[in-house]
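**Student:** model this:
(2 chains)
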Amino acid sequence: MNMIEFHSVTVQFTGVKALSQVDLNIEKGEVHVLVGENGAGKSTLIKLLSGVHTPTEGSILFDGHPFTPTTPRDAIKAGIRVVYQELNLLPYLSVAENIFFERLPQKHGLVDFKKLYADTEVHLQEVGLEVSPQTPVEHLSIAQMQLVEIAKALSSDSKLVVFDEPTASLTPREIDRLFVLIKNLRKKGVTIIYISHRLQEFIEIGDRITILRNGTKVGTWGIRDLTTDEIVKQMIGKDIGSGYPYRNDVVPGEVVLSVQNLAYMGGPATGVSFAVRRGEILGIGGLIGAGRTETMRALFGADPKRGGRVLLDGKEITIDSPLDAVNHGICLLTEDRKNQGLILDMSCAANTTITNLRRVSRFGILDKSAERKVSEQYVRELAIKTSSIDQLARNLSGGNQQKIVLAKWLFRSARIIILDGPTRGIDVGAKFEIYTLIGELAAAGKSVIIVSSEMPELLGICQRILVFSKGTLAGELHRSEFSQEAVLSLAYKAYLTVPRQTIGKDAPQ
Amino acid sequence: MNAQKITRSLLREAGIGVALLLLSVVFIFFAPNFATFANLRNIFTQISINTVIAIGMTFVILLAGIDLSVGSVLALCAVVAGLIISNPSLPVGVAILLSILSSVAIGMVCGLFNGFVSERWKIASFVVTLGMLNIARGLALEVSHSRTIFMFPKAFTMAGDLTLLGIPFIFLIAVTLVVLAHFILSKTVFGRLIYAIGNNEEAVRLSGHNPMKYKIIAFVICGATVGIAAIMYMMRLQIASPILGVGFELSAIAAVVIGGTSMLGGKGSLIGTFLGACIIGVLNNGLLLIGLGDFARQIITGFIIILAVILDTYRYRLSKALST
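**Tutor:** The predicted structure follows:
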């Protein structure tokens, strides 16, 4: 019995075929994994189900009946819930109000808050989020918000739940809990569509897998019928090799930057101390909320520091703002690429040169032809896929947006490059290109610091990994000591010194 | 240059241009004496002052700010300049020069105050400039002892009536400033950063810039244009009064908004602002010639502002659809 049947569905936007003649059956009660590079048509397919898009050709059957939703409301009524990767919560409302936004319990025409909070409590426990239902959403971390999204989707009885990259910002612990949740849903007979870039992950919970490429279906397989290498190959249509492009020819030189007791606001006063060498790729691992992003932002001057010293080439420097950091040759690619890395409504060229406008101007007047040259050079060197350098950054795919952010710092010729989650939400092919680029930067004598929640990538490309735990530095691993277990045990170190019951709680913010 | 980019900018400015053209055609048919040189000169004179203030306002609004104090600051600039220029103990040339400089300087100081206070304490510029609206008006009344100042030197008032090839001198000042400001916004590093900050201030800060500096400068520029507008006003009216400029902020904001600049910052242009000021000027002039009274004109202008913003949202969607 099929929950959903797509019959040669085509979706045509102005000039672009987002989906072309897709036939797809999703069985009742299965966990169906959907993979493909960015732009392969996954999102379009989901938006057909959630009533955002309608097919140009072809038809969709839901539970045996023709399904033609025209608004997201229709989809919800039919029993389809989508957990989007982008968070759609209302920041100033409470967790409870967000979860029950569409159907607040009422009593005499007023909101029945007692019932609202009690019901919310149940759903929060289900997803393992231990915050009060009354907490405003803006006070939550991104991972916690993601859990609220999930709780929201599960709060109503659904026949089909779609997870669009649900684990992008979750820690391994939270992912485990999510998987238990998905397995429970499946037991209850709920059909699940699961979209992810993380190959290891869906093999654990998926039943069948469908691979999309450039808007067409490559095929559907049983999850164990393909190896991860084969999946990657089918996704990109060519073999990229499963390994990481580790550069063992690069030997780190002298210490360039050293940080002493750097503490961020709200973190432990002792802070962290570490050093990075010329040509080194230094990984920063740890759980979400362990203070990695906060420490890097404090180092870069993006947020005020609580204390600590920063030495560059052995001399103490003061960094009170990003401007100071940039002047010392330190740059930061922020975690949130769309809101903090790019100016989405400006061109690729303008985004590239913003870090060093002096180099494309004379007496304060922009030299647009110089700017074109610079921008075109980076588009070529980093293989950025864009129709032209005048294209708005908004219209690029995630991977290409990230390359623009990289380009803007390369243009500033930064010596110390801090990358916070550089491959978050990027497809496999683009990830590999970014790893290669990072290797080239190190080979060129730059020092690269990478913060990442994807452990395989840290293990794959770094020479050394520092593991943060609860705002402190729990330990340091050299390449010879690398293993997932070693990183994990350090990551949990500071949390294990507290009584056992609270281990399950979220890392402090 | 590609077709996409051209279409986008055409949609932005040409749309307003077409609206202006249509409006003019309507008045040519229905408003007696609209299409005469004398009336055209009239319109030029009438829109000059609003155009100059709207230039400064464009900088501020591009940064998602607003300056409500321009009308009051204009009065303050005018009365101080008026007191200096009508001072018989100063040689005429010195008096004129000094009054122009002081008018611009006072405008800039008020702008600096607006910009600094709203940036230093992170207060919405709406509130700070609302305060300045009262402060400047009070100062203007205080300085002038709430009297109107007149008896300006002939050399000065003559400039108000001066024309070049039939075009009023003060309109030429306005157009020159439009061209200059358009150059700054579209061709300089400063202009690029104004748009960038208006679009995403945090990203600009994290790229190693100090957005605060640019935001304060935008308010200072706005103040400077008000100082210049005050002098132009004195040339035209040959008086300086502490009750000048009431409601000027609204006309300037209307010109900017009709010109397609987004109140959320980051989108818009000076050409648009100039065309916006022209639309308001033509509308006022044409409706008057048709024989409508003050009240009816105000009602219609109000509707036009709202209509312009509605049309702008469609234009934005259209240009977005074309660019993908």
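
**Student:** mind checking what secondary structure the residue in the stretch 301-450 of chain A that chain B sits nearest to has?
**Tutor:** In the stretch 301-450 of chain A, no residue comes nearer to chain B than A:Val326, which is 3.1 Å away by CB to the nearest CB. All C-beta atoms are positioned from the backbone trio N, CA, C, and that covers glycine. Using DSSP: H, G, I helix; E, B strand; the rest coil, the secondary structure recorded for A:Val326 is helix.

**Student:** give me the neighbour count for the residue nearest to it when sequence neighbours are not counted.
**Tutor:** Distances taken as CB to CB, 6 or more residues apart in numbering or on different chains place B:Gly208 nearest to A:Val326, at 3.1 Å, with adjacent residues excluded. Applying other CB atoms under 10 Å in any protein chain shown, we find 25 other residues in the vicinity of B:Gly208.

**Student:** wouldn't B:Gly208 be in contact with A:His328 here?
**Tutor:** No: at 10.2 Å, B:Gly208 and A:His328 do not qualify as touching, with contact defined as CB atoms under 8 Å.

**Student:** could I get the average pLDDT for stretch A:163-177?
**Tutor:** The predicted model gives stretch A:163-177 an average pLDDT of 78.

**Student:** around chain B, pick out the residues from the stretch 251-400 of chain A.
**Tutor:** Within the stretch 251-400 of chain A, the residues that sit near chain B (CB under 8 Å from any CB of the partner chain) are A:300, A:302, A:321-323, A:325-327, A:331-332, A:334, A:339-346, A:350, A:354-355, A:357-358, A:361, A:364-366, A:388, A:390, A:392, A:395.

**Student:** state the pLDDT value of A:Ile209.
**Tutor:** Model confidence at A:Ile209, given as pLDDT, is 93.

**Student:** using PDB, list the CA coordinates for the helix or strand containing it.
**Tutor:** Secondary structure from DSSP states H and E places A:Ile209 in strand A:208-213. Extracted in PDB, the C-alpha atoms of strand A:208-213 (Å, rounded to 0.1, in the frame of the first residue of the first chain):
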ATOM      1  CA  ARG A 208      14.500   2.800   1.400                       C
ATOM      2  CA  ILE A 209      16.400   5.500  -0.300                       C
ATOM      3  CA  THR A 210      15.600   7.600  -3.400                       C
ATOM      4  CA  ILE A 211      18.400   9.600  -5.100                       C
ATOM      5  CA  LEU A 212      17.600  12.700  -7.100                       C
ATOM      6  CA  ARG A 213      20.000  14.400  -9.500                       C
END
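
**Student:** quick check, central residue of chain A?
**Tutor:** Among the residues of chain A, the one closest to the centroid is A:Arg424, at 3.3 Å (CA atoms, centre = their mean).

**Student:** can you classify that residue by secondary structure?
**Tutor:** For A:Arg424, the assignment made with three-state DSSP gives coil.

**Student:** give me the pLDDT for it.
**Tutor:** With respect to pLDDT, A:Arg424 scores 79.

**Student:** before we move on, what about the one 5 residues further on?
**Tutor:** At A:Gly429, the pLDDT value in this model is 79.

**Student:** count the neighbours of it for me.
**Tutor:** By other CB under 10 Å, 17 other residues sit near A:Gly429.

**Student:** do a quick rundown of the strands in the stretch 401-509 of chain A.
**Tutor:** Taking DSSP state E, counting those that start in this stretch, the strands of the stretch 401-509 of chain A run over residues A:416-420, A:447-451, A:464-469, A:472-478.

**Student:** and the last one, how far out from the chain's middle?
**Tutor:** When C-alpha coordinates are averaged (CA atoms, centre = their mean, to the nearest Å), strand A:472-478 and its chain have centres 24 Å apart.

**Student:** show me what it is packed against.
**Tutor:** Contact here means 3 or more CB pairs under 8 Å, 6 or more residues apart in numbering or on different chains; DSSP states H and E; on that basis strand A:472-478 packs against strand A:272-277, strand A:464-469, helix A:484-496.

**Student:** tell me the buried residues in the first one?
**Tutor:** For strand A:272-277, the neighbour count (16 or more other CB atoms under 10 Å in any protein chain shown) marks A:272, A:274, A:276-277 as buried.

**Student:** tell me the two of those residues that are most distant?
**Tutor:** A:Val272 and A:Arg277 (16.9 Å; CB to CB).

**Student:** touching, B:Gly259 and B:Cys278? I think so.
**Tutor:** No: counting by CB under 8 Å, B:Gly259 does not reach B:Cys278; the two are 9.3 Å apart.

**Student:** of those two, which one has the most company?
**Tutor:** Here B:Gly259 and B:Cys278 are compared on neighbour count by other CB under 10 Å; more neighbours surround B:Gly259, at 28 against 24.

**Student:** now for B:Phe152, how many residues are close by?
**Tutor:** B:Phe152 has 24 neighbouring residues, counting by other CB under 10 Å.

**Student:** which residues are in contact with it?
**Tutor:** When the contact criterion is CB atoms under 8 Å, 6 or more residues apart in numbering or on different chains, the partners of B:Phe152 are B:82, B:85-86, B:234, B:238.

**Student:** give me every residue that touches the residue in the stretch 201-324 of chain B that chain A sits nearest to.
**Tutor:** Nearest residue of the stretch 201-324 of chain B to chain A (CB to the nearest CB) works out as B:Gly208 at 3.1 Å. For B:Gly208, the contact set (CB under 8 Å, 6+ apart) comprises A:322-323, A:325-327, A:331, A:355, A:412.

**Student:** highest neighbour count among the residues you listed?
**Tutor:** When neighbours are counted by other CB under 10 Å, A:Cys331 leads the contacts of B:Gly208 with 27 neighbours.

**Student:** and that one, backbone torsions?
**Tutor:** Phi and psi for A:Cys331, reported as degrees, to the nearest 10, are phi -130, psi 160.

**Student:** return the distance of it relative to B:Val70.
**Tutor:** Summarising the geometry, the distance separating A:Cys331 from B:Val70, computed by CB to CB, to the nearest Å, is 40 Å.

**Student:** okay, the strands of the stretch 401-509 of chain A in a markdown table with mean neighbour count, mean pLDDT and distance to B:Ile306 next?
**Tutor:** Rendered in a markdown table, the data for those read as follows (neighbours: other CB atoms under 10 Å in any protein chain shown; pLDDT from 0 to 100; distance: least, CB to CB, whole Å):
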| stretch | mean neighbour count | mean pLDDT | distance to B:Ile306 |
| --- | --- | --- | --- |
| strand A:416-420 | 24 | 96 | 44 |
| strand A:447-451 | 24 | 96 | 48 |
| strand A:464-469 | 24 | 93 | 53 |
| strand A:472-478 | 17 | 92 | 57 |
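
**Student:** and those strands as TSV, adding distance to B:Ser48?
**Tutor:** Compiled in TSV, these are given as follows (distance: least, CB to CB, whole Å):
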stretch	distance to B:Ser48
strand A:416-420	51
strand A:447-451	56
strand A:464-469	62
strand A:472-478	65
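
**Student:** what's the closest of these to A:Gly286?
**Tutor:** strand A:464-469 (3.6 Å).
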